[in-house]
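K.L.:
Attaching a predicted model along with its sequence, questions to come.
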Amino acid sequence: MRRRRNMLTVCLMLLTAVVSNTAGASCGGEPFMGAYVNIPKLFNSDSDIRDRERSIAKQLDRFKASGLRVVMPYVTTTAGTALYPSKIVPRCLYSDWDPVSVLMREARHRGLQVYPVPCVLACGKQQPQGILQQHTEWALRDERGRPIGHISPCHPQARDWVVSVMHEIVEKYKPDGLLLDYLRFNNRPMQLDPHGAAQLKKLMRGVPETLQSVSLQRFKEDSLTQLMRSISIDLRRQQPGIKLAIYSWGPHVVQDHRVAQDWRTWAQKRYIDMVNVSGYCFPENYGDRYMQVFADRIGGALEINGKLRRPIKVTLCLGIRTSHGQIDKAADVDDYLSTASRLGVDGTAVFTWSHAEPYLEEIMQAGYLTHFADGLKNRR
């Protein structure tokens with residue numbers, strides 16, 4: 001009888017493990033409560049280093065008091081500049097001081113997690129900057145064939161260089177995670193880099209003209225997936241257990257979209273642990289239907305994730321002030337968070353900490369962030 005009870009106990013444990021695994025990462029752990037941080041906004045750049053470090057400490061005190069728990073500092077810019085002393089990125093904003101190291105130290109002292117945010121492929125917008133000034137052959141081209149400030153994931157040497165930058169960040173700081181921003185193609189009509197164009201031409205030999213646009217799209221998606229795979233393999237080998245996340249516009253980019261960001265495949269293959277979905281839906285860009293667009297976008301991402309064999313975390317990127325629009329009042333934060341919570345997200349990342357500060361007192365007094373986090377915990 002005792003042996004039978006023991007066998008039953010083992011079976012129940014195995015069943016629990018299976019259910020837990022199929023539920024995926026999105027159903028476990030604490031809610032993700034973070035904010036993107038622009039490092040130069042944390043202090044007065046004209047002050048001495050000691051005053052800068054004191055300012056960072058005070059900002060993180062306020063950060064923790066707000067209910068946020070994950071600091072997400074941008075560590076490279078869209079202009080291809082490093083915000084830490086890099087041995088790989090050609091231009092560093094702080095060559096004689098390391099604000100990221102200070103941020104890591106002070107965050108850990110307060111029990112906060114840190115997910116550095118590199119702008120992976122953005123490198124100069126219209127004009128090549130950063131590493132693309134040394135390697136123009138790595139750049140995507142505009143419709144007239146002129147290089148633009150965007151690294152091509154189709155070029156193998158460019159991919160290797162990108163992986164080396166991610167490796168340097170993780171090796172240097174041993175963060176809790178890394179959130180990859182701008183891991184996508186440019187969203188404008190463009191041409192590939194010369195190497196990528198040559199590779200595509202080989203692949204399209206014998207392909208009917210009517211299917212060539214499909215071939216181009218698949219080539220772009222495969223190239224970006226290859227880069228994501230390389231980053232995942234390298235960083236997980238270097239630091240087992242590191243969490244990898246991406247920023248994404250949502251469910252519509254996983255297939256046949258110009259940016260070619262097939263995060264569904266990345267999640268399925270476990271290259272990423274979280275997707276932070278843009279909540280940038282405002283009256284300015286969507287009129288009166290903005291909240292419906294918001295719900296459809298978040299719901300669509302959750303639907304994709306729910307169909308995966310092992311779901312990942314899906315979190316909301318809560319836009320305070322963005323290039324697409326901005327909130328008008330602190331209560332708008334509650335509208336987005338409440339809708340996202342009802343739909344079933346796993347947390348939020350505020351864009352950005354400095355943009356949220358003017359509303360922070362009211363957000364904290366009303367308890368919008370803490371109520372959101374408590375609601376997610378209760379759901380579990």
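P.N.:
Right, received. Where do you want to start?
K.L.:
what about Gly287, distance to Val293?
P.N.:
9 Å (C-beta to C-beta, to the nearest Å). From N, CA and C alone the C-beta is placed, and that goes for glycine too.
K.L.:
So which of those two has more stuff around it?
P.N.:
Val293 (16 against 9; other C-beta atoms under 10 Å).
K.L.:
so what's that one up against?
P.N.:
With contact set as C-beta atoms under 8 Å, 6 or more residues apart in numbering, Val293 has these partners: 281, 286.
K.L.:
Please apply the same query to Val207.
P.N.:
Ser215.
K.L.:
In terms of pLDDT, where does it sit?
P.N.:
At Val207, the model reports a pLDDT of 84.
K.L.:
Provide the secondary structure category for it.
P.N.:
With DSSP: H, G, I helix; E, B strand; the rest coil as the basis, the three-state label of Val207 is coil.
K.L.:
Surely Ala349 is in contact with Val37?
P.N.:
No. At 10.4 Å, Ala349 does not count as touching Val37 under the criterion of C-beta atoms under 8 Å.
K.L.:
Please enumerate the shared neighbours of those two.
P.N.:
By C-beta under 8 Å, 6+ apart, Ala349 and Val37 have these common neighbours: Met72.
K.L.:
Which other helices and strands does the longest helix seen in the chain contact?
P.N.:
Assignment by DSSP state H gives helix 212-238 as the longest helix of the chain. Counting contacts by 3 or more C-beta pairs under 8 Å, 6 or more residues apart in numbering; DSSP states H and E, helix 212-238 is packed against helix 156-173, strand 177-180, helix 194-203, strand 243-248, helix 263-268.
K.L.:
Tell me the gap between the fourth one and the middle of its chain.
P.N.:
Looking back up the chat, that one is strand 243-248. Its chain's C-alpha centre and that of strand 243-248 lie 4 Å apart, by C-alpha atoms, centre = their mean, to the nearest Å.
K.L.:
any idea where the strands of the chain begin and end?
P.N.:
Remark: strands assigned in the chain by DSSP state E are 32-37, 70-73, 81-82, 91-92, 113-114, 122-125, 139-141, 147-151, 177-180, 243-248, 274-278, 313-319, 347-351.
K.L.:
Using a markdown table, please lay out those together with mean neighbour count, mean pLDDT and distance to Tyr359.
P.N.:
Listed next are the strands of the chain as a markdown table, based on neighbours: other C-beta atoms under 10 Å; pLDDT from 0 to 100; distance: least, C-beta to C-beta, whole Å:
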| stretch | mean neighbour count | mean pLDDT | distance to Tyr359 |
| --- | --- | --- | --- |
| strand 32-37 | 26 | 98 | 12 |
| strand 70-73 | 27 | 98 | 18 |
| strand 81-82 | 22 | 98 | 29 |
| strand 91-92 | 16 | 98 | 32 |
| strand 113-114 | 20 | 98 | 23 |
| strand 122-125 | 22 | 95 | 28 |
| strand 139-141 | 23 | 98 | 37 |
| strand 147-151 | 24 | 98 | 32 |
| strand 177-180 | 25 | 98 | 23 |
| strand 243-248 | 24 | 98 | 22 |
| strand 274-278 | 26 | 98 | 19 |
| strand 313-319 | 25 | 98 | 11 |
| strand 347-351 | 25 | 98 | 10 |
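K.L.:
if we can go back for a sec, Ile298 is nearest to which of the helices and strands packed on helix 212-238?
P.N.:
Taking C-beta to C-beta, strand 243-248 is the member of those nearest to Ile298, at 11.5 Å.
K.L.:
What are the contacting residues of that closest one?
P.N.:
For strand 243-248, the external contacting residues (C-beta under 8 Å, 6+ apart) are 115, 117, 176-184, 228, 231-232, 235-236, 261, 263, 266, 271-278, 301, 313, 315, 317.
K.L.:
now do 6 Å
P.N.:
Applying C-beta atoms under 6 Å, 6 or more residues apart in numbering, the contact partners of strand 243-248 are 177-181, 183, 261, 263, 272-277.
K.L.:
Find the pair from those with maximum spatial separation.
P.N.:
For these, the maximum inter-member distance is 18.7 Å, found between Gly177 and Gln261 (C-beta to C-beta).
K.L.:
Report the inter-axis angle for the longest helix of the chain versus helix 156-173.
P.N.:
30 degrees (axes from the mean of the first three to the mean of the last three C-alpha atoms, to 10 degrees).
K.L.:
so how far is helix 212-238 off the chain centroid?
P.N.:
Here helix 212-238 shows a centroid-to-chain-centroid distance of 16 Å under the convention C-alpha atoms, centre = their mean.
K.L.:
Let me have the strands of the chain in JSON lines, extended by distance to Ser213.
P.N.:
Listed next are those as JSON lines, based on distance: least, C-beta to C-beta, whole Å:
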{"stretch": "strand 32-37", "distance to Ser213": "35"}
{"stretch": "strand 70-73", "distance to Ser213": "36"}
{"stretch": "strand 81-82", "distance to Ser213": "35"}
{"stretch": "strand 91-92", "distance to Ser213": "37"}
{"stretch": "strand 113-114", "distance to Ser213": "42"}
{"stretch": "strand 122-125", "distance to Ser213": "25"}
{"stretch": "strand 139-141", "distance to Ser213": "17"}
{"stretch": "strand 147-151", "distance to Ser213": "20"}
{"stretch": "strand 177-180", "distance to Ser213": "27"}
{"stretch": "strand 243-248", "distance to Ser213": "23"}
{"stretch": "strand 274-278", "distance to Ser213": "26"}
{"stretch": "strand 313-319", "distance to Ser213": "30"}
{"stretch": "strand 347-351", "distance to Ser213": "33"}
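K.L.:
Having no further points to raise, I will conclude here.
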